[in-house]
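Pasting the sequence and the predicted model now:
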Amino acid sequence: MSNFNYTRKLEHEKAAEKAILAGDYQTAFIHTAKAAQFAFNLAEQCQGSLREAYIVNGNVLTSIAEELKQKDLASASRSVSGNSQTGDENPPFDAGSTRLERPGVRLADVAGMEKVKEEIMVRVINPLRDPEKAREYDISAGGGIMLYGPPGTGKTFIARAVAGELNLPFYVITAADIFGKYVGESETNVRRLFAEARRNPFSVIFIDELETVFPKRTENIHESTRKVISILLQELDGIDNTRNPILLIGATNTPWQIDEAFLRTGRFDLSVYVGLPDGSAREKIIVNAFKKVQKPVDRAGIDYLVSHSGGYSGADLKGITTRIKQSAYRKQAGALGKELFEECLKEYTPSCSPDISEKIAAWEKSVGIVRTE
Ligand SMILES: Nc1ncnc2c1ncn2[C@@H]1O[C@H](COP(=O)(O)OP(=O)(O)O)[C@@H](O)[C@H]1O
Ligand SMILES: [Mg+2]
C-alpha cells in the first residue's frame, strides 16, 4: 500500500475538516473530493477486504463531498451570519493535533515473542490478506490484546512494529492524553482520535502504560480525569469490528496497578505475557546491534554475551551493546574484541528484579490468568 496515497488522503481530510469549521464549504468540497480520489487509489493498490473497505471509504467521501457542494450552493444563496458550528457529534480536528504515527520498525526487528506475533497474524494480517478464508471460519479482523511483563522486554516496540509492518494508521494513547492540561481538552482529544480511527477501514490503537490510563485507585482521581476515562471506555465499547475493525493493543509493566473492573470488561480478549528474551532472541538482538559497525566484531565476544546474558531484558541488551560500541570508539579500537564484551556486561546489572517477576505471577493468580507466552 502506498504511503503517498494514504498521506494525501489524510491531508485532504484534515483540510476539509478545517474548511468545514470555517464555514467554507466550497474548499471543504474540493478537499473531500480529493480525499475520495486517494481512497480509490488506495483501493487499487490493495487486495481483499482492505480493498473493499477503501472502496466503501471512497464512496462515503464522495457522498460527503456531494453534501458539501449542496451546502455551499445553499449558503451562497443566503447571507451567512454568526455561528459556523456544524452540530456534528464528533468534534472537528485540526491538522497536527492527532496522535497518528508511522513507525519505521518492522516485525522482523522484534526478537522472540512468537506467541504475540502469531496472534497478530491470526487477528490482523491473515484476515486482511485472505478475507474469503477468514469468512469460511467466521473470523473477523480486530480485537484486543494486552501485553504484560517485565520492563524493557519489547512491548512498546512490538506494538509499533505491527503498525510499521502493516502500513496501517497507528494511534497512540498515553496518560498524557488523559491527564490533559486544560479542562475539556483531553475529552476532545479522545473523541477526535476515535472519530479519525473510525474513518479508516482498519486501524491500530495502542494504549501504552495501561496502568496509568486505567489506574486502580480511582477514589483519588480528579473529576475531570474520571470523565475522560469514562469517555475512553465508551469509545472502546463502541468499536464495531464488523464495520471498521480496530486492533486494540494495550501494554503494561505493572498489571497489578490496573483497575480490575476495567480488565473484567473484556476489552482485551487475550492477555499475553512478554517475558525476558531466551538465548536465540538475545542472539538476534545482539547480532542486530552490531550490524552497522564497520570495524571487525569478534564472534567470540558475541557468543560470550549471548550465553552470559540470561535474565537481561531486550532494553538491557541494547544498553550493553551501546556501551560496547561507545567504549570501542573511545579507545579508537581497531576491532571490537571479546574483552570489551566481558567488561561491559560485568558493569551492567539486569533491570528486571526477581521481585517484579513475583509480583506479576501473584497478579496472574489473583485474576485467574494462565500464562501464555
Ligand atoms: N524482543 C525484542 N526484540 C528487539 N528489541 C527489543 C526487544 N525487547 C526490547 N528491545 C529493545 O529495547 C527497547 C525498549 O523496549 P520497550 O519496547 O520499550 O520495552 P517495554 O515496553 O516492554 O518496557 C526497544 O526499543 C528495543 O530497542
Ligand atoms: Mg513500554
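Here it is on my side, so go on. Ligands and ions are numbered 1, 2, ... in the order given.

Close to ligand 2: what parts of this protein are there?
155-156 (CB under 5 Å from the ion). Where you see a C-beta, it was placed from the backbone N, CA and C, and this is true even at glycine.

Tell me where the chain has strands.
Using DSSP state E, the strands of the chain run over 100-101, 143-148, 170-173, 203-207, 246-252, 270-273.

Under the pLDDT cut-off, which ranges of the protein? List them.
1-2, 76-103, 167, 180-183, 217-219, 373 (pLDDT under 70).

In the protein, which residue sits closest to ligand 2?
Nearest to ligand 2 in the chain, going by CB to the ion, is residue 156, at a distance of 3.3 Å.

returning to that earlier point: I'd like the strands of the chain as JSON lines, with mean neighbour count appended.
Shown next, in JSON lines, are the strands of the chain (neighbours: other CB atoms under 10 Å):
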{"stretch": "strand 100-101", "mean neighbour count": "16"}
{"stretch": "strand 143-148", "mean neighbour count": "24"}
{"stretch": "strand 170-173", "mean neighbour count": "22"}
{"stretch": "strand 203-207", "mean neighbour count": "25"}
{"stretch": "strand 246-252", "mean neighbour count": "25"}
{"stretch": "strand 270-273", "mean neighbour count": "19"}
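
Give the full set of residues in contact with the residue minimising distance to the centre of the chain.
Central residue of the chain (CA atoms, centre = their mean): residue 206, 3.6 Å from the mean position. Residues in contact with residue 206 (CB atoms under 8 Å, 6 or more residues apart in numbering) are 159-160, 163, 170-173, 249-251.

Looking at those residues, spot the one nearest ligand 1.
residue 251 (5.8 Å; CB to the nearest ligand atom).

Surely that closest one and residue 212 touch.
No - between residue 251 and residue 212 there is no contact under CB atoms under 8 Å: 11.1 Å.

mind listing what whichever residue of the stretch 201-350 of the chain sits closest to ligand 1 touches?
In the stretch 201-350 of the chain, the residue that lies nearest ligand 1 is residue 314 (2.1 Å; CB to the nearest ligand atom). With contact taken as CB under 8 Å, 6+ apart, residue 314 is in contact with 111, 152-154, 157, 277, 281, 285.

With residue 142 instead?
Listed by CB under 8 Å, 6+ apart, the contact set of residue 142 reads 123-124, 202, 239, 241, 245-248.

could the residues you listed go into CSV alongside distance to ligand 1?
Shown next, in CSV, are the contacts of residue 142 (distance: CB to the nearest ligand atom, whole Å):
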residue, distance to ligand 1
123, 19
124, 19
202, 23
239, 23
241, 25
245, 24
246, 21
247, 17
248, 16
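
for those residues, which one is nearest residue 295?
Closest approach to residue 295 among the contacts of residue 142 (CB to CB): residue 124, at 40.1 Å.

Could you double-check that that closest one lies in contact with residue 163?
No - the pair residue 124 / residue 163 is not scored as a contact, 10.2 Å apart, by CB under 8 Å.

Return every residue with contacts to both of the two.
Between them, residue 124 and residue 163 share these contacting residues under CB under 8 Å, 6+ apart: residue 204.
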